[in-house]
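Novice: with the input below, show me the fold.
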Amino acid sequence: MGPQHWKRIWVGSAGNMVEWFDWFVYASFATYFAGAFFPQGNPTAQLMNTAGIFAVGFFMRPVGGWLLGRVGDRRGRKAALTLTVTLMSASAILIAVAPTYAVAGYGGALVLLAARLLQGLSVGGEYAASATYLTEASDPRRRGFASSFQYVSMTAGQIVGLGLQIVLQRTMSDGALHSYGWRIPFVVGALGAAVVFYLRRSMLETEVYEEDTSRTEERGTLRALWQHRREALLVMALTMGGTVAYYTYTTYLTKYLSNSAGLSKQTATLVSFTALIVFAALQPLAGALSDRIGRRPLLITFAVGSTVLTVPIMTLLRHAGGYWPALGLALLALVVVTGYTSINACVKAELFPTGVRALGVALPYALANALFGGTAEYIALWFKNAGIESGFYWYVAGCAAVSLVVYVAMRETRDLDLARVRDRTDSSLTTAS
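Specialist: Coordinates of the predicted model:
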């Protein structure tokens, strides 16, 4: 692949790194800034904190998917990618400068709420915009490889956020972190978004989008998406098992190792940090493999592995007892999940015609992610509190089993000409020959 293709991959996926950095640091640094905005012992403030602030991000993702997917199909992929990074930067700046309760009362909480709304909108649109751009802008023979960098960048965002947290915890006192140190990662996030915005201003529109002549008023609308409702349902089903497994073995893993397996927080954090680095490195390898053997074999391998191995892996993780056993099991789980994460972006983009591709990826994915990915941790904790933690293992395996049925039934998408996908309306569930 030439320098131009590498530039497109970097510009198209860099926003995901900043996006997931912001998403991660908001959750991980919440323990430091929560007290600055919500006075202890106030039930109303606590309710606003949990329901109104943390959950609103996932609630807004489908809205962002619809809004920015529409922009991507009507105004172009470049316009959508530029808008997502603008929202991303604004949300980080708002949190960085938000006044505390002592200064502005609940005004600071309202600023947090506004920032979280913008963050949810941005995350909801960034995934589909970058997935569409990476798929359309890459060499048709390397679409799997190119689109795999979406999860490389997403994971890199978590790694950088985790690394910054470790550095700040080791160089600043606990009091300083509670006082002003928690603002630092949001300043870093805003600066990162500004850099990505600068890069995206000079990016070129994809040839597939520019050459598409179907510029009708219905382009990028819900009415147009309804004509491809079977593909939209397929995207939700494709996402279901993968997103639950992904959240289980990435964002929830540290908490699980600490709260259920009994590892120290430092050891649990180190396991997650190391596993995520290896996981990121695996994505291009699996994406390149899909360009050779097809998308379905990888998806089916993920679904079979997740269905069969989730219960034993989670059970063994609970009794890991140390860094190396926990790391080995975590890596096994993430190798399985790679069959989904490495290619899910291009598979979804390959299902839709150009005029509804961004919206077709964005809205169904955001809905499935909110329903299954966003609730994974809460369901896990619900089972734990009910005294039947193993029920969550079976839930994850069950979601993978549902997706397995879809992977087996769907047609192969590797060799499709993106400019001619419009001729496949409602054929995405046809069994591959």
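
Novice: and the helix or strand in which Val308 is found, what does it pack against?
Specialist: Secondary structure assignment for Val308, by DSSP states H and E: helix 295-318. In terms of contacts (3 or more CB pairs under 8 Å, 6 or more residues apart in numbering; DSSP states H and E), helix 295-318 is packed against helix 229-249, helix 253-259, helix 265-293, helix 323-341, helix 344-349, helix 390-409. The C-beta positions use only the backbone N, C-alpha and C, and glycine is treated the same way.

Novice: Glu126: which of the ones you listed is closest?
Specialist: For the helices and strands packed on helix 295-318, distance to Glu126 was read as CB to CB. The smallest value, 11.5 Å, belongs to helix 344-349.

Novice: other residues contacting the closest one?
Specialist: Helix 344-349 is contacted by residues 127, 130-132, 134-136, 143-144, 146-148, 150-151, 235, 238-239, 242, 287, 290, 295, 299, 357, 360-361, 365, 413, 418 when judged by CB atoms under 8 Å, 6 or more residues apart in numbering.

Novice: next: stretch 81-89.
Specialist: By CB under 8 Å, 6+ apart, stretch 81-89 touches 12, 15, 18-19, 22, 68, 71-72, 118-119, 121-122, 125-126, 129-130, 133, 189-190, 193-194, 196-197, 200-201, 203.

Novice: buried among those? Need that as a selection in ChimeraX.
Specialist: Buried subset of the contacts of stretch 81-89, written as a ChimeraX selection, criterion 16 or more other CB atoms under 10 Å:
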select :12,15,18,19,22,68,71,72,118,119,121,122,125,126,129,130,133,189,190,193,194,196,197,200,203
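
Novice: among the contacts of stretch 81-89, which lie within helices?
Specialist: Judged by DSSP state H, those include 12, 15, 18-19, 22, 68, 71-72, 118-119, 121-122, 125-126, 129-130, 133, 189-190, 193-194, 196-197, 200-201 as members of helices.

Novice: how many residues are close by Gly57?
Specialist: 25 (other CB atoms under 10 Å).

Novice: how about Val405?
Specialist: 12.

Novice: measure it to Ala237 for me?
Specialist: As for Val405, its distance to Ala237 is 8 Å (criterion: CB to CB, to the nearest Å).

Novice: please apply the same query to Trp6.
Specialist: Shown here: Trp6 relative to Ala237, a distance of 33 Å by CB to CB.

Novice: kindly report the same for Ala380.
Specialist: Plainly put, Ala380 is 22 Å away from Ala237 if you go by CB to CB.

Novice: what about those two, which has more around it?
Specialist: Taking other CB under 10 Å, Ala380 and Ala237 do not tie; Ala380 has more neighbours (25 against 19).
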